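Novice: Provided below are the primary sequence and the corresponding predicted coordinates.
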Amino acid sequence: MSGSPWQGGSPAPGTAGRAEGLEELLARVAAGDEAAFERVYGMLAPAVYGLARRVLRDPAQAEEVAQEVLVEVWRTASRYDPGRGSALSWVMTMAHHRAVDRVRSVQAAIDRDTRAAHREHRVAYDEVAEAVTTRLEGERARRCLDGLTELQRRSVELAFYGGYSYPEVAGLLKIPLGTVKTRMRDGLVRLRDCMGVER
């Protein structure tokens, strides 16, 4: 076939205005008659493409759908039942379903991409927010530590940041264990108040 089968075109000679012409051709296509299929293709391609184009808007997508529908006609011509409607209606219904399926498929892909982009954006935002919050809390904790007495601050730093036990802190600072516990308790109360932690 020369030229584009999708643009314009007219029914094959002798078939215009005869619905039974298409039905007879489909019966021959069902029997594997390639020449009959070529005539069916020429008759239906513009109408199938036009319907797909109206549903899909995108010419390339419409061409793909029209091609798929006409291949389906070749494969399933034997399923056509004249008692259930005209051959043209059968083909155009197939074309409409295929075009709508393509719209849904394209929309589903767009929705997936949109959701993925939102997830990536949200993750990036959450990571930045968390980093900022952690940094601000760290600066606040340092300011609050600076507000403690030297002994309170050293005791808290050794116990919480250094990982030492109370007896080890007492040994390192060379002060009685009871004093360490008192200074730790007082220091933690002041830190809690400074940080605004609920009791």
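Specialist: All right, it came through fine.

Novice: helix or strand for M184, which one?
Specialist: Using DSSP states H and E, the element containing M184 is helix 177-195.

Novice: A95 and V71 touch, don't they?
Specialist: No - A95 lies out of contact with V71 (CB atoms under 8 Å); the separation is 11.9 Å. For the C-beta atoms, the positions are set from N, CA and C on the backbone; glycine is no exception.

Novice: which one of these two has more residues nearby?
Specialist: A95 (26 against 12; other CB atoms under 10 Å).

Novice: contact partners for that one?
Specialist: V48, L51, A52, V65, A66, V69 (CB atoms under 8 Å, 6 or more residues apart in numbering).

Novice: same question, L148
Specialist: V156, G187, R190, L191.

Novice: check Y80 too.
Specialist: E23, L26, A30, A87, W90.

Novice: what residues does the residue of the chain positioned farthest from its centre make contact with?
Specialist: What lies farthest from the middle of the chain is P176; by CA atoms, centre = their mean that is 63.3 Å. Residues in contact with P176, defined by CB under 8 Å, 6+ apart, are A170.

Novice: now it. Its backbone dihedrals?
Specialist: Per-residue torsions, P176: phi -60, psi 150 (degrees, to the nearest 10).

Novice: same deal with K174?
Specialist: The phi/psi pair for K174 (degrees, to the nearest 10) is phi 60, psi 50.

Novice: which strand or helix spans the most centrally placed residue in the chain?
Specialist: The residue lying closest to the centre of the chain (CA atoms, centre = their mean) is R112, at 1.6 Å. Taking DSSP H and E as the definition, R112 sits inside helix 87-146.

Novice: just L44 next, same as before
Specialist: L44 belongs to helix 34-56 when assigned by DSSP H and E.

Novice: buried set for the helix or strand just after that helix?
Specialist: Using DSSP H and E, the next helix or strand after helix 34-56 towards the C-terminus is helix 59-76. By neighbour count on 16 or more other CB atoms under 10 Å, the buried set for helix 59-76 is Q61, A62, E63, V65, A66, Q67, E68, V69, L70, V73.

Novice: of the residues you listed, closest to A117?
Specialist: A117 has its nearest neighbour among these in Q61, at 22.3 Å by CB to CB.

Novice: list the residues that contact the nearest residue to the closest one once chain neighbours are set aside.
Specialist: The shortest distance from Q61 to any residue other than its chain neighbours is 6.1 Å, reached at R102 (CB to CB, 6 or more residues apart in numbering). R102 is in contact with A52, V55, L56, Q61, E64, V65, counting by CB under 8 Å, 6+ apart.
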